[in-house]
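Asks: Got a predicted model here, sequence first, then my questions.
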Amino acid sequence: MKVYTFVLIIVAGLGSSCVVVQPWERGELADPIMIFDENPIDAGASEHHIDYREGSVGGTGAQSGGCGCG
């Protein structure tokens, strides 16, 4: 059983490797479809509402006050 686990770890390690991204391939990786948020507009709106309710802002790159005006 230990041999199979060791072989599986070696195969997984060899199967995953680092790749150099060429300049002409970076446009595809920078596509907005690669963003993890399903809908960035809704995510921004709900984040704004949470900041307004809690009176706290930070961690997302937005700078405004807790009054909901920013």
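Replies: Arrived safely.

Asks: starting at the chain centroid, how far to stretch 1-14?
Replies: The chain centroid and the centroid of stretch 1-14 are separated by 30 Å under CA atoms, centre = their mean, to the nearest Å.

Asks: can you dump the C-alpha coordinates of it into CSV?
Replies: Only the C-alpha atoms of stretch 1-14 are listed here, as CSV (Å, rounded to 0.1, in the frame of the first residue of the first chain):
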residue,chain,number,x,y,z
MET,A,1,0.0,0.0,0.0
LYS,A,2,2.9,2.4,0.8
VAL,A,3,4.4,1.7,-2.6
TYR,A,4,1.2,2.7,-4.4
THR,A,5,0.9,5.9,-2.4
PHE,A,6,4.6,6.8,-3.1
VAL,A,7,4.1,6.1,-6.8
LEU,A,8,0.9,8.2,-6.9
ILE,A,9,2.7,11.1,-5.2
ILE,A,10,5.6,10.9,-7.7
VAL,A,11,3.2,10.8,-10.7
ALA,A,12,1.2,13.8,-9.3
GLY,A,13,4.4,15.7,-8.7
LEU,A,14,5.6,15.1,-12.2
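
Asks: So for it, mean pLDDT?
Replies: The average pLDDT within stretch 1-14 is 83.

Asks: And for stretch 24-33?
Replies: In this model, stretch 24-33 has an average pLDDT of 78.

Asks: got a list of contacts for that stretch?
Replies: 21, 40 (CB atoms under 8 Å, 6 or more residues apart in numbering). Heads up, the C-betas are built off the backbone N, CA and C, glycines and all.

Asks: distance between the ends of it?
Replies: Using CA to CA, to the nearest Å, one end of stretch 24-33 lies 17 Å from the other.

Asks: Does the residue nearest in space to the middle of the chain belong to a helix, a strand or coil?
Replies: Central residue of the chain (CA atoms, centre = their mean): F36, 5.3 Å from the mean position. Each residue gets one of three states, and F36 gets coil by DSSP: H, G, I helix; E, B strand; the rest coil.

Asks: If I look at it, what pLDDT would I see?
Replies: As predicted, F36 sits at a pLDDT of 70.

Asks: Just the helices from the chain, written as ranges.
Replies: 2-15, 26-29, 40-54 (DSSP state H).
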